[in-house]
Structures are given as C-alpha cells and as structure tokens.
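A.B. asks: would you be able to build a 3D model of this:
(chains A and B)
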Amino acid sequence: GAGVSQSPRYKVAKRGQDVALRCDPISGHVSLFWYQQALGQGPEFLTYFQNEAQLDKSGLPSDRFFAERPEGSVSTLKIQRTQQEDSAVYLCASSLPGTGTGEQYFGPGTRLTVT
Amino acid sequence: DAKTTQPPSMDCAEGRAANLPCNHSTISGNEYVYWYRQIHSQGPQYIIHGLKNNETNEMASLIITEDRKSSTLILPHATLRDTAVYYCIVRVWGGGADGLTFGKGTHLIIQP
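C.D. replies: Okay, here's the model as predicted:
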C-alpha cells in the first residue's frame, strides 16, 4: 500500500514569507506526528495528532508554527513569517496506536530553505 | 524517556556483520529499546524493538544485556545499502501515541 507522502519535497522561501507543508498519512492511521530535522541532527518532535485532535504541541518552537488536521487525515504544517533558522527538513509520520510494533511510518520529508 | 548514547560513526566491510552499540543506563522497567535508521534523503525507517529478550527479524537482530543498560543492533551481512544513520531510542510502548526522541545516532558506513 501507499506510504506516507509529503509535498512539496523542496521549498525555498524568502525570509518573512508564509509556507504550508502537507502530509498525507497512511490510510486509517489515527496518529500523526511532525518532526523538524536540522542539518546533521536527529529529528526533533514538533507536534502530535490523534485523529483531528492536536494532543501535544510542546515541540513547536514558536507561535509562528501552526499545525492542523481538520478531518483526521491530511495534515498541514504552517510556518508564518519564516526565518533563516526555520531551514530544515520537516518530517511527517503516522502510526496506528495499540497495534503491532508501535512503529511510526515516516514520509520522505520536505526540505525548507529560507533565504 | 531515557537518554541513549551511541558512537557518532562506524565503518564496516561489505558482507561482514555490523554491530552497533547503544548505552541506555537509565532505562526504566517498562521502556523498550527501538532502533530506526535513516538513509540519506529519506525519512527514518523502523528496524526492530525489544524489551529484555533478544529479538530477530528479517532486517536485524537486537541483543539486550541482562541488566538492560545497553544493547547491540546486529546487521548480519551488511551491504552498501545499509549505509545510513542508525538511531537507538528508548521509549514506553505506547502503541504509537507519543513522539520519538532521537539523538544524533551512529553514521554507519559500509565499505566495498
């Protein structure tokens, strides 16, 4: 079956622009996660959804970051007034809680470059 | 979640077994050891996990010491495609209801 997909794969934004990054999770996966990965670092947790409910947003670095999942499927991560320090790969993952290995399935990521 | 310590990089010859160590001395009784890997320009991929018994699947084996303070991921016959960053993560098995805490991982380079 189809895995997690993300779009766009690459995004270049001028400092101060708003961007929107999309994640299509595996069909039926209740849990959805966003991570930020800076160059040479491991991914860092940003936020977590269970269906449409955002249960944890403790990792969002500032109020310029906003995520939504209005129908419990596709999710969008929005960054307002982008700054150079926002340049990173943004990873989305989905999982089906309570079953199997508890593993998260990751998409390929969106590489955001802020100039 | 408990913190893990891994060497930053390792080399291994193609066809040989790659043994990747991880220290997790503060692991709690209900925490599992998970391994993920990230091939260049891809998202992380689950490999294997275990609680206290050794585990094996089609990708790798996981050896956990009796005191559970360390573990070793074994890739029995490494290939060039196994070149990746390998992350050891300790977490409560929450069935996927919590974010993963990645460290910097071990960059494994398979040499031809």
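
A.B. asks: secondary structure element for the residue most central in space within chain A?
C.D. replies: By C-alpha atoms, centre = their mean, the mean C-alpha position of chain A lies nearest to residue A:34, the distance being 3.2 Å. Assigned by DSSP states H and E, residue A:34 falls within strand A:31-37.

A.B. asks: now do that strand, average pLDDT.
C.D. replies: The average pLDDT within strand A:31-37 is 96.

A.B. asks: didn't the residue nearest to the centre of chain A look like it was pressed against residue A:77?
C.D. replies: Yes: using C-beta atoms under 8 Å, residue A:34 is in contact with residue A:77, at 5.3 Å. Quick note: C-beta positions are derived from backbone N, CA and C, even for glycine.

A.B. asks: so what sits against both of these two?
C.D. replies: Listed contacts common to residue A:34 and residue A:77 are A:23, A:46-47, A:67, A:90, A:92; contacts here mean C-beta atoms under 8 Å, 6 or more residues apart in numbering or on different chains.

A.B. asks: residue A:90 touches residue A:108, doesn't it?
C.D. replies: No: if you go by C-beta under 8 Å, residue A:90 and residue A:108 don't touch, sitting 10.7 Å apart.

A.B. asks: between those two, who's got more neighbours?
C.D. replies: Neighbour count, other C-beta atoms under 10 Å in any protein chain shown: between residue A:90 and residue A:108, residue A:90 has more, with 24 against 17.

A.B. asks: can you give me the strands in chain B?
C.D. replies: Along chain B, counting by DSSP state E, strands occupy B:9-13, B:18-23, B:31-38, B:45-50, B:55-56, B:61-64, B:70-75, B:84-92, B:106-111.

A.B. asks: out of the ones you listed, flag the one nearest residue A:58.
C.D. replies: Nearest of the strands of chain B to residue A:58, taken as C-beta to C-beta: strand B:84-92 at 15.6 Å.

A.B. asks: tilt between that closest one and strand B:9-13?
C.D. replies: Angle, strand B:84-92 to strand B:9-13, by axes from the mean of the first three to the mean of the last three C-alpha atoms, to 10 degrees: 120 degrees.

A.B. asks: how about strand B:84-92 against chain A, any contact?
C.D. replies: Yes: using C-beta under 8 Å from any C-beta of the partner chain, strand B:84-92 reaches chain A at B:85, B:87.
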